[in-house]
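**Q** Sharing a model prediction with you, sequence too.
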Amino acid sequence: AQSVTQPDIHITVSEGASLELRCNYSYGATPYLFWYVQSPGQGLQLLLKYFSGDTLVQGIKGFEAEFKRSQSSFNLRKPSVHWSDAAEYFCAGGIFGNEKLTFGTGTRLTIIP
Amino acid sequence: DTGVSQDPRHKITKRGQNVTFRCDPISEHNRLYWYRQTLGQGPEFLTYFQNEAQLEKSRLLSDRFSAERPKGSFSTLEIQRTEQGDSAMYLCASSSGGGGVETQYFGPGTRLLVL
């Protein structure tokens, strides 16, 4: 079965510190992968996506993610977080010919001064 | 490009009542999706349309749920005889139909509370 797993329910980091949010996937074929961010009570905003090609993808707001086939991972990183990055982050996957996205359960990011 | 819009943003209803939500996709996006998100969970796929045709429905979409996209533009999601378990955020997304997995752009959601 297709699945996306986010092992960390909640992460707390200090403002200015680096960040890495984990995402693991399980698909029979190479999936398309996305990271979305959701602020409280809001919809989802796309941060970045991986379809093919370069395994290191750049997104908005200074985020990047690296696709690692050997580890079935697509971790999200940011070198220096800002207080405004506090939100819920979702990893999602899909495959060619199957239109629905499968989401992880999300990681809530808290930023402390 | 004004983004995906959803109406209403919030809905409180009593158990047993019917509710209807509307989604307006990004103009010229021919694919439209509905997802449901419960507290502490990621969104779960409900159904999707290619133009006016409903091409896939999740098992989560019980007989009390019906979705339409009559002219291939906006879509409605109706829940009949609401139950407390229907309380959730209902998210709509749209994408262009270029083939394969396209980026889905989400609306702000409709939060439903069934009392």
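**A** Thanks, I have it. Numbers count the residues shown, from 1 in each chain, chains lettered A, B, ... in the order given.

**Q** rest of the way, CA atoms for contacts and neighbours
**A** Noted.

**Q** Next, A:S70: secondary structure please.
**A** Under DSSP: H, G, I helix; E, B strand; the rest coil, A:S70 falls in the helix class.

**Q** what's the burial count for it?
**A** Neighbouring residues of A:S70 were enumerated by other CA atoms under 10 Å in any protein chain shown; the total is 6.

**Q** Got the phi and psi for the residue of chain A found nearest chain B?
**A** Scanning chain A for proximity to chain B using CA to the nearest CA identifies A:G43 as nearest, at 3.9 Å. Recorded main-chain torsions at A:G43 are phi -80, psi -170, according to degrees, to the nearest 10.

**Q** tell me the pLDDT at it?
**A** As summarised for this prediction, A:G43 has a pLDDT of 85.

**Q** Please name the nearest non-neighbouring residue to it.
**A** Here the nearest residue to A:G43 in space, its sequence neighbours aside, is B:P108; by CA to CA, 6 or more residues apart in numbering or on different chains that works out to 3.9 Å.

**Q** can the helix-or-strand element of chain A with minimal mean pLDDT be found next to chain B?
**A** Across the helices and strands of chain A, mean pLDDT, DSSP states H and E gives its lowest value to strand A:98-103, namely a mean of 86. Yes. Legend: contact between strand A:98-103 and chain B by CA under 8 Å from any CA of the partner chain is shown at A:N98, A:E99, A:K100, A:L101, A:T102, A:F103.

**Q** Buried among these? Make that a ChimeraX selection.
**A** Selection command for ChimeraX covering only the buried members of those, criterion 16 or more other CA atoms under 10 Å in any protein chain shown:
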select /A:99,100,101,102,103
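
**Q** any chance of the residues of strand A:98-103 next to chain B in TSV, with distance to B:P8 too?
**A** As requested, these are exported to TSV (distance: CA to CA, whole Å):
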residue	distance to B:P8
A:N98	29
A:E99	26
A:K100	24
A:L101	24
A:T102	25
A:F103	24
